[in-house]
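Peer 1: Give me the fold of what follows.
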Amino acid sequence: MLSIDQVKLLESKVAGAIELIKNLSDEKDLLKKDLEAKDKRIAELETLLLNFKEDQSQIEEKVINALNQLSAFEDSVYEKKSDAQTPVNNNEHSSDLPNNASVNDNNPQESNGLKEKMEASNNNAQNHLQKDLNDVLGYSSEENTTDEADEESDKQLDIF
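Peer 2: Numbering: from 1, shown residues only. Here you go, the predicted structure:
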């Protein structure tokens, strides 16, 4: 038979179990609310990420466009300078040449040296622009740095 002590013990265990179930149910509800809030935040962050990626691609396109325009400008300047170096008449001043500059047909080596200097300057400017673009886009340019520096120093030695 059951004694009164056993019934009281059973009753206290049932009350403890009911209290534990209530606590777990409340904790479950809190966790669900927390999960919903975090899901909303994840959705917001995903939207921000998509917007950022779109903006980043637009920025890349605009930077590349600006670099292309700069390159075209440099090319046109280079063409004007090379056109200015072509002889109109022997030892006459050209309207395209700067003041006190004359075309010297007798020294093509000097013209080639100037051309090499301009090409080296153009390459140097392009390298700097590429480094700036890499910095803007977040690419690492450390691996190319030593090669570019060696190339640049070789070109500088060739000029002199």
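
Peer 1: contacts, neighbours, all on C-alpha from now
Peer 2: Noted.

Peer 1: how about the helices in this protein?
Peer 2: Applying DSSP state H to the chain gives helices spanning 4-85, 108-137, 142-159.

Peer 1: packing partners for the first one?
Peer 2: Identification of packing neighbours for helix 4-85 by 3 or more CA pairs under 8 Å, 6 or more residues apart in numbering; DSSP states H and E yields helix 108-137.

Peer 1: so what pLDDT did Leu70 get?
Peer 2: We have a pLDDT of 92 for Leu70.

Peer 1: that older thread, looking at the helices of the chain, which is buried most?
Peer 2: Stretch with highest mean neighbour count among the helices of the chain: helix 108-137 (a mean of 15; mean count of other CA atoms under 10 Å).

Peer 1: average model confidence for that helix?
Peer 2: pLDDT averaged over helix 108-137 gives 69.

Peer 1: before we move on, what about stretch 3-17?
Peer 2: Mean per-residue pLDDT for stretch 3-17: 94.

Peer 1: With stretch 25-42 instead?
Peer 2: 97.

Peer 1: Please apply the same query to stretch 46-61.
Peer 2: Stretch 46-61 comes out at a mean pLDDT of 94.

Peer 1: Using PDB, list the CA coordinates for that stretch.
Peer 2: Listed next in PDB are the C-alpha coordinates belonging to stretch 46-61 (Å, rounded to 0.1, in the frame of the first residue of the first chain):
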ATOM      1  CA  GLU A  46      22.000  40.500 -46.400                       C
ATOM      2  CA  THR A  47      20.200  43.500 -48.000                       C
ATOM      3  CA  LEU A  48      23.000  45.800 -47.000                       C
ATOM      4  CA  LEU A  49      25.500  43.300 -48.400                       C
ATOM      5  CA  LEU A  50      23.700  43.200 -51.700                       C
ATOM      6  CA  ASN A  51      23.600  47.000 -51.900                       C
ATOM      7  CA  PHE A  52      27.200  47.200 -51.000                       C
ATOM      8  CA  LYS A  53      28.100  44.700 -53.700                       C
ATOM      9  CA  GLU A  54      26.100  46.700 -56.300                       C
ATOM     10  CA  ASP A  55      27.700  49.900 -55.100                       C
ATOM     11  CA  GLN A  56      31.100  48.300 -55.200                       C
ATOM     12  CA  SER A  57      30.700  47.100 -58.800                       C
ATOM     13  CA  GLN A  58      29.500  50.600 -59.800                       C
ATOM     14  CA  ILE A  59      32.500  52.100 -58.100                       C
ATOM     15  CA  GLU A  60      34.800  49.700 -59.900                       C
ATOM     16  CA  GLU A  61      33.200  50.600 -63.300                       C
END
